[in-house]
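Colleague: Okay, sequence plus prediction incoming.
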Amino acid sequence: MRVAIMTAGSRGDVAPFTGVGHALVRAGHQVTLVTHARFAPLVAGTGVAFHALPLDPRAELESARGRGLHRSATGPGKLLRVTRMARTLVGRIADDLLAAAREADALLLSASVAPLGHTIAEGLSLPSLGLYLQPVAPTGEFAPPMLGGGSWGAVGNRLAGHGVEAAVERIFTPVLPAVRARLGLPAARRAVTAPRKRRRHGWPVLHGFSPQVVPRPRDWRAELDVTGYWWPHDRDTRLPSGLREFLDAGPPPVFVGLGSATVPDPRRLGAEIVTALRRAGLRGVIQRGWAGLTAEGEDMMTVDETPHALLFPRMAAVVHHCGAGTTAAGVRAGVPAVPVPIQFDEGFWGERLVALGVAPGTVPLRRLTADTLAAALVRVTREPGYARRAAQLGARVRGEDGAGRVVEAVTRLG
């Protein structure tokens, strides 16, 4: 079967689907990953084809409008800004999503494109299912991850979840009428939202995180499943020689990276991080990332993109922004963490790590100083309970086969 996996966003919204795609290829399917052109190198060696979307997410985050996200200090404020931003951009990917779908027999849709992708699947009479990296559906058990975590009580959590759904749907309202018309679908007579339609029709959604980290909410409908993590396909089997030499030259260092996040002042932040590591008596591996972090000195090494699956097991701890993908990699490696959430779902995943006992607490970027980070580093590396609990959690998570569950679901689609 010809399968198109469609997603949009940052690297963390794309990389897990390379592993899913590779598993589907091994099962005999023809797979195409449909996402931003800058991520084409991720599919090398997977057997997965690539269909480029024209939008560059890094360029958008580094634009004046993207930098404006940092001016909002609250989850709802950031969500409002990003939905306004995405609403103006979604029209640039609609044609390519439709073109890729015309070459497919089934669509696998991430949450970031689901309202549009579901309409395309309906118009082309294609089977589809959701592949979500976040627990998006409303639940009374926790507040929507996109608002940063916490709980507002069962009723408040559920109402907030519906509110986030409505905000996401608004992103696609500028393009859906034209897409429906091109596909010969009747115009919507009223604002019936795509997620509500999918719930009513029992649309299946698989979630690529571990139930060890977020148990499946008990109030979800039956078609919402949690499979375990989907690991990126890593073709590298060894770390670069210079990095191996650094690791071998001393005790396990601490990884610090913010993934695809951008920050207002990379130089100041880098200096605070290095000072914190040295106060805690720790070496550091600093990932440059989209934030542009750097560090100098014999006890520090700056790296670019490096497979977390190879690097993290050699760390004493990982300091990261708690994007879903980096959180998963740290859990898989069985090492403790210091979460530094910046925006959106990162606060939610950071809270999960604290609740699981593998992190001493979160250090939100707005409150990060050399003192606050050093204190967290001392706790996470010197109190043995964090490392012990992280190792136990990692062993359980590594025993799951999330990609295999997707293969089973796609087989049922055919």
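Modeller: Perfect, I can see it now.
Colleague: ok, how many other residues are close to the residue lying closest to residue 326 once chain neighbours are set aside?
Modeller: Take residue 326 and drop its neighbours on the chain: the residue closest to it by C-beta to C-beta, 6 or more residues apart in numbering is residue 320, 4.6 Å away. No exception for glycine: its C-beta is placed from N, CA and C like everyone else's. Burial measure for residue 320: 30 neighbouring residues, criterion other C-beta atoms under 10 Å.
Colleague: Ok, residue 376 next?
Modeller: A total of 24 residues lie near residue 376 under the criterion other C-beta under 10 Å.
Colleague: circling back: the residue nearest to residue 326 against residue 331, yeah?
Modeller: No. Checked against C-beta atoms under 8 Å, the pair residue 320 and residue 331 is beyond contact range at 11.3 Å.
Colleague: just the strands in the stretch 51-200 of the chain please.
Modeller: 106-109, 128-132 (DSSP state E, counting those that start in this stretch).
Colleague: What separation do you get for residue 143 and residue 351?
Modeller: Using C-beta to C-beta, to the nearest Å, residue 143 is found at 10 Å from residue 351.
Colleague: Neighbour count: those two, which is higher?
Modeller: Between residue 143 and residue 351, residue 143 has the larger neighbour count (other C-beta under 10 Å), namely 25 against 22.
Colleague: longest strand anywhere in this protein?
Modeller: strand 30-36 (DSSP state E).
Colleague: What lies in contact with that strand?
Modeller: If you take C-beta atoms under 8 Å, 6 or more residues apart in numbering as the criterion, strand 30-36 is touched by 1-8, 13-14, 17-18, 21, 24-25, 42-43, 47-53, 55-57, 96-97, 100, 103-104.
Colleague: what about residue 218, how many residues close to it?
Modeller: The burial count for residue 218: 8, using other C-beta under 10 Å.
Colleague: Following the chain past the lowest-mean-pLDDT helix or strand in the chain, name the next helix or strand.
Modeller: Scoring the helices and strands of the chain by mean pLDDT, DSSP states H and E places helix 194-200 at the bottom, with a mean of 49. Using DSSP states H and E, the helix or strand that follows helix 194-200 towards the C-terminus is strand 205-207.
Colleague: Tell me which strands that next one pairs with, and in which orientation.
Modeller: strand 128-132 (parallel), strand 224-226 (parallel) (DSSP bridges).
Colleague: Please identify the most buried of these.
Modeller: strand 128-132 (a mean of 24; mean count of other C-beta atoms under 10 Å).
Colleague: mind exporting that one as PDB, just the C-alpha atoms?
Modeller: Provided in PDB are the C-alpha atoms of strand 128-132 (Å, rounded to 0.1, in the frame of the first residue of the first chain):
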ATOM      1  CA  SER A 128      -6.700   7.700   7.300                       C
ATOM      2  CA  LEU A 129      -5.600   7.700  10.900                       C
ATOM      3  CA  GLY A 130      -4.000  10.100  13.200                       C
ATOM      4  CA  LEU A 131      -0.400   9.800  14.500                       C
ATOM      5  CA  TYR A 132      -0.100  12.200  17.300                       C
END
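Colleague: what residues does that strand touch?
Modeller: Residues contacting strand 128-132 (C-beta under 8 Å, 6+ apart): 5, 7, 17, 20, 106-111, 114, 117-118, 121, 198, 203-208, 230, 406, 409-410, 413.
Colleague: So for residue 164, which of the strands of the stretch 51-200 of the chain sits nearest?
Modeller: strand 128-132 (13.1 Å; C-beta to C-beta).
Colleague: Could you identify the buried members of the contacts of strand 30-36?
Modeller: 1, 3-8, 13-14, 17-18, 21, 24-25, 42-43, 48-51, 53, 55, 57, 96-97, 100, 104 (16 or more other C-beta atoms under 10 Å).
Colleague: Looking at the residues you listed, which are in strands?
Modeller: Using DSSP E, the buried ones among the contacts of strand 30-36 in strands are 3-6, 49-51, 53.
Colleague: Name the nearest of those relative to residue 176.
Modeller: Among those, and counting by C-beta to C-beta, the member closest to residue 176 is residue 6, at 15.5 Å.
Colleague: From what I see, residue 45 and residue 236 are in contact.
Modeller: No. Residue 45 is not in contact with residue 236 according to C-beta under 8 Å; the separation is 9.5 Å.
Colleague: Return the distance of stretch 362-381 from the chain's centre.
Modeller: Its chain's average C-alpha position is 23 Å from that of stretch 362-381, according to C-alpha atoms, centre = their mean, to the nearest Å.
Colleague: Just the pLDDT for residue 76.
Modeller: On pLDDT, residue 76 comes in at 58.
Colleague: now the residue nearest to residue 326: how far from residue 225?
Modeller: Per C-beta to C-beta, residue 320 is found 27 Å from residue 225.
Colleague: Same question for residue 143.
Modeller: Relative to residue 225, and taking C-beta to C-beta, residue 143 is found at 22 Å.
Colleague: Then residue 142?
Modeller: Taking C-beta to C-beta, one finds residue 142 at 18 Å from residue 225.
Colleague: repeat for residue 167
Modeller: 25 Å.
Colleague: Number of residues surrounding the closest residue to residue 213 other than its chain neighbours?
Modeller: Nearest non-adjacent residue to residue 213, counting by C-beta to C-beta, 6+ apart: residue 352, 5.6 Å away. Neighbourhood size, residue 352 [other C-beta under 10 Å]: 21.
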